[in-house]
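Enquirer: this one's sequence-less:
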């Protein structure tokens, strides 16, 4: 419809409570109308004063939106005649998408590797960002020292612009790499220097970069079963073949791996706190694994995702410290020790691999923002990181004790296993209990439980659930246990 004052645009609705400004909303609404064909090429818009009156906004708001569309080339202004939709749009307007599905529409052609890997990808759901019982992936966000973090952030954002806004070092800020090397030496007894450390956008990014640098299609990788699911997709994307290797109280069962695949390229392990069972790899099993790797001329990826948070008097030693032939790559993350949205992790590589990873990182890797790395470096150098870790150990121990006490009221069919570190524990279920059904019923009541089968590449004998306790205060853990106790699936 048109009148002398231009097209009627009463379909535009502006939300004054939205985070987007009214001018931005108006710009986007007019743009969408033009691109969808609601306004034809050559059609006149209402005068700014009239449009402002009809929409109940200021004339300045309307002028700002129209000027932006003019700059975009969608509108043209004619002196003394008004504003019109550009004639160029007749030839270049995107085709209007039909409301329903397009029949026989061809899917995009993917690479051979991704096409074959996609069918085997571990399905990952979006991790909840709101703490609740019994989420496994979140640390205690409520206890993070935000005041110190804000002070350090302000310091760097007020600093030299080139230091925080330019391109950073490919392998990561030297100050952060030095701080990490110092931390690994003090906590784990790992002797290394900053040139061996490469900063990544989290542990998953690190696994992907290792796979890209070291794997060829068809390479076989020993994976703990059950085990950490996050690394699987990175390896599959490089065309690797995953070999599920059984796990017992001493860690990965090396003889099972040798029986299934004596010739392998990588072994992926979580030796200090097996994910998800919580076992610590014994010294004998570590030596056995390293001998098998040496004989196969392979490598090991050691994933130390929560190694800072132990409940005993001393941390568990890293597998890296017992490696004498330079075959272990150590991957760490700040997602658990600080908070996940940092997207910050690192790879510690053997001396003989530094040049190869230097080449990979210099060629195409884009790491985390330099300012984020600088803040974390100062957070570590000034002692805030060590203080935070000590506090979190006590807090997680208290939350674990609350979970253990509350779990004693669960039916005999649910047996919570002890753990020495981290912020999750496994509960084994009687064979007749359906773990997925328990998890589904719990989710309907706002409680998050992960079936043990979610961590498996191949079926295992154990039937169980994983209870996270890190992000949830004791009273909420107790309430969660009460909900789980009353679930019909456990009766």
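Expert: Done, it's in. Small disclaimer: the values here were computed from a predicted structure and weren't measured.

Enquirer: contacts, neighbours, all on C-alpha from now
Expert: OK.

Enquirer: Am I right that residue 239 is in contact with residue 218?
Expert: Yes - the pair residue 239 / residue 218 is scored as a contact, 5.8 Å apart, by Cα atoms under 8 Å.

Enquirer: Please say which of those two ends up with more neighbours.
Expert: More crowded of residue 239 and residue 218, by other Cα atoms under 10 Å: residue 239, with 22 against 14.

Enquirer: Quickly note the distance from the more buried one to residue 302.
Expert: Separation of residue 239 from residue 302 (Cα to Cα, to the nearest Å) stands at 21 Å.

Enquirer: So, low pLDDT: which residues of the stretch 201-350 of the chain?
Expert: For the stretch 201-350 of the chain, residues meeting the criterion pLDDT under 70 lie at 312-313.

Enquirer: and the closest residue to residue 409 other than its chain neighbours, how many residues sit next to it?
Expert: Nearest residue to residue 409, sequence neighbours excluded (Cα to Cα, 6 or more residues apart in numbering): residue 485, at 7.6 Å. Using other Cα under 10 Å, the number of residues around residue 485 comes to 19.

Enquirer: Residue 68 now?
Expert: Neighbour tally, residue 68, other Cα under 10 Å: 16.

Enquirer: List the contacts of it.
Expert: Applying Cα atoms under 8 Å, 6 or more residues apart in numbering, one finds that residue 68 lies in contact with residue 27.

Enquirer: Let me know the secondary structure of it.
Expert: Following DSSP: H, G, I helix; E, B strand; the rest coil, we place residue 68 in the helix state.

Enquirer: ok, so what distance separates it from residue 24?
Expert: Applying Cα to Cα to residue 68 and residue 24 gives a distance of 10 Å.

Enquirer: try residue 306
Expert: Distance, residue 306 to residue 24, by Cα to Cα: 43 Å.

Enquirer: just to revisit the earlier point, the residue nearest to residue 409 contacts residue 410, correct?
Expert: Yes - between residue 485 and residue 410 there is a contact under Cα under 8 Å: 5.4 Å.

Enquirer: so where do the strands sit in the stretch 51-200 of the chain?
Expert: Secondary structure of the stretch 51-200 of the chain by DSSP state E, counting those that start in this stretch: the strands cover 75-78, 82-85, 197-200.

Enquirer: Just name the most buried of these.
Expert: Mean neighbour count (mean count of other Cα atoms under 10 Å) peaks for strand 197-200 among those, with a mean of 27.

Enquirer: on that earlier part again, please tabulate the strands of the stretch 51-200 of the chain in JSON lines, including the columns mean pLDDT.
Expert: As requested, these are arranged in JSON lines below (pLDDT from 0 to 100):
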{"stretch": "strand 75-78", "mean pLDDT": "86"}
{"stretch": "strand 82-85", "mean pLDDT": "88"}
{"stretch": "strand 197-200", "mean pLDDT": "97"}
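
Enquirer: Make CSV out of the ones you listed and add distance to residue 339.
Expert: Output for the strands of the stretch 51-200 of the chain, formatted as CSV (distance: least, Cα to Cα, whole Å):
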stretch, distance to residue 339
strand 75-78, 46
strand 82-85, 48
strand 197-200, 15
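
Enquirer: hmm, who's touching stretch 293-302?
Expert: 262-271, 319-320, 325, 327-331.

Enquirer: Buried ones among the residues you listed?
Expert: Buried members of the contacts of stretch 293-302, counted by 16 or more other Cα atoms under 10 Å: 262-271, 319-320, 327-331.

Enquirer: coming back round to it: neighbour count winner among residue 306 and residue 24?
Expert: A count of neighbours by other Cα under 10 Å puts residue 306 above the other of residue 306 and residue 24, at 21 against 16.

Enquirer: Can you verify that one is assigned to a strand?
Expert: No - counting by three-state DSSP, residue 306 is not found in a strand; it is coil.

Enquirer: quick one: it and residue 270, what's the gap?
Expert: Taking Cα to Cα, one finds residue 306 at 10 Å from residue 270.

Enquirer: thinking again about what came up before, residue 36 is nearest to which of the strands of the stretch 51-200 of the chain?
Expert: strand 82-85 (12.5 Å; Cα to Cα).

Enquirer: Residue 344 is nearest to which of the strands of the stretch 51-200 of the chain?
Expert: If you check each of the strands of the stretch 51-200 of the chain against residue 344 by Cα to Cα, strand 197-200 wins as the nearest, at 5.9 Å.

Enquirer: Packing partners of that closest one?
Expert: For strand 197-200, the elements it packs on are helix 174-188, strand 345-348, judged by 3 or more Cα pairs under 8 Å, 6 or more residues apart in numbering; DSSP states H and E.

Enquirer: Just say which of the ones you listed is most tucked in.
Expert: strand 345-348 (a mean of 25).

Enquirer: Please enumerate residues in contact with that strand?
Expert: 196-203, 206, 329-335.

Enquirer: So which of those residues belong to helices?
Expert: Residues of the contacts of strand 345-348 located in helices (DSSP state H): 203, 206.

Enquirer: Now flag whichever of the contacts of strand 345-348 is closest to residue 447.
Expert: Closest approach to residue 447 among the contacts of strand 345-348 (Cα to Cα): residue 335, at 22.1 Å.

Enquirer: who touches residue 343 in this structure?
Expert: Contacts for residue 343 (Cα under 8 Å, 6+ apart) come out as 200, 201, 202, 334, 335, 368.

Enquirer: Pull up the distance across stretch 303-316, start to finish.
Expert: For stretch 303-316, the first-to-last residue distance is 13 Å (Cα to Cα).

Enquirer: Could you single out the nearest of the contacts of strand 345-348 to residue 58?
Expert: residue 201 (44.0 Å).

Enquirer: what's the closest one in contact with, if anything?
Expert: By Cα under 8 Å, 6+ apart, the residues touching residue 201 are 343, 344, 345, 346, 367, 368.

Enquirer: Bridged to residue 332, which residues?
Expert: Note on residue 332: beta-bridge partners by DSSP bridges are residue 346.

Enquirer: Which is the succeeding secondary structure element to the host helix or strand of residue 222?
Expert: Taking DSSP states H and E as the definition, one finds residue 222 inside strand 220-225. Later in the chain than strand 220-225, the nearest helix or strand by DSSP H and E is helix 232-236.

Enquirer: Toward the C-terminus, what is the element adjacent to that next one?
Expert: strand 241-248.

Enquirer: name the helices or strands packed onto that following strand?
Expert: Contacts defined by 3+ Cα pairs under 8 Å, 6+ apart place strand 241-248 against strand 220-225, helix 232-236, helix 254-260.

Enquirer: Go again with 7 Å.
Expert: strand 220-225, helix 254-260 (3 or more Cα pairs under 7 Å, 6 or more residues apart in numbering; DSSP states H and E).
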